[in-house]
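Participant: Show me how the following folds:
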Amino acid sequence: MAGDIFRNRLTRIVFTSVLFLCMIYANFYAIRKMERYALELYLYEKLLSAYEIASAQGMQKELSMVASDASMPREAKLARQFQARLPGIKDPYAYLKDIAAQKMNKLRLLKKLRTIAIIVIFLLAGYQFLAGRRKKA
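Facilitator: Residues are numbered from 1 along each chain as shown. You can find the predicted model right below:
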């Protein structure tokens, strides 16, 4: 009897903890990471299109415009960081294409993991609901 109560309490604590961690992951961590990757992807795609239209000079012009724009401080900071790394990059087009693909893959992965976390939340909540109803009956 005492072992049964301990096991039930332990199960409730574990379920509640997993539910809480999934909610934190799905609603805070994943969203913030997705926002960051989306911003980086947006900048790299913008630079790629500028490179395709006007070669390296067009990319430099777009990069300097973005870096000096005060309305989007996160994007401006990212652009300044990229400007500092740009002299060391041999082929900017290939680099931008590769980094944009990496960011897109990370974005897709985070979206899938967030979806899985939401499904786990619903499964655990449903299980707790059914277990509570079974106890009452």
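
Participant: just checking, what packs against the helix or strand of the chain with the lowest mean pLDDT?
Facilitator: For the chain, counting by mean pLDDT, DSSP states H and E, helix 2-24 ranks last in confidence among helices and strands (a mean of 82). Based on contacts counted as 3 or more C-beta pairs under 8 Å, 6 or more residues apart in numbering; DSSP states H and E, the elements that helix 2-24 packs against are helix 92-136. Just so you know, the C-beta spots here come from the backbone N, C-alpha and C atoms, and that holds for glycine as well.

Participant: List the buried residues in the least confident helix or strand of the chain.
Facilitator: For helix 2-24, a neighbour-count test (16 or more other C-beta atoms under 10 Å) marks 19, 22, 23 as buried.

Participant: I'd like those as JSON lines, with distance to residue 33 appended.
Facilitator: Output for the buried residues of helix 2-24, formatted as JSON lines (distance: C-beta to C-beta, whole Å):
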{"residue": "19", "distance to residue 33": "21"}
{"residue": "22", "distance to residue 33": "15"}
{"residue": "23", "distance to residue 33": "16"}
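
Participant: sorry, back to before: on the C-terminal side of the least confident helix or strand of the chain, identify the next helix or strand.
Facilitator: Proceeding C-terminally, helix 2-24 gives way to helix 30-68 as the next helix or strand, assigned by DSSP states H and E.
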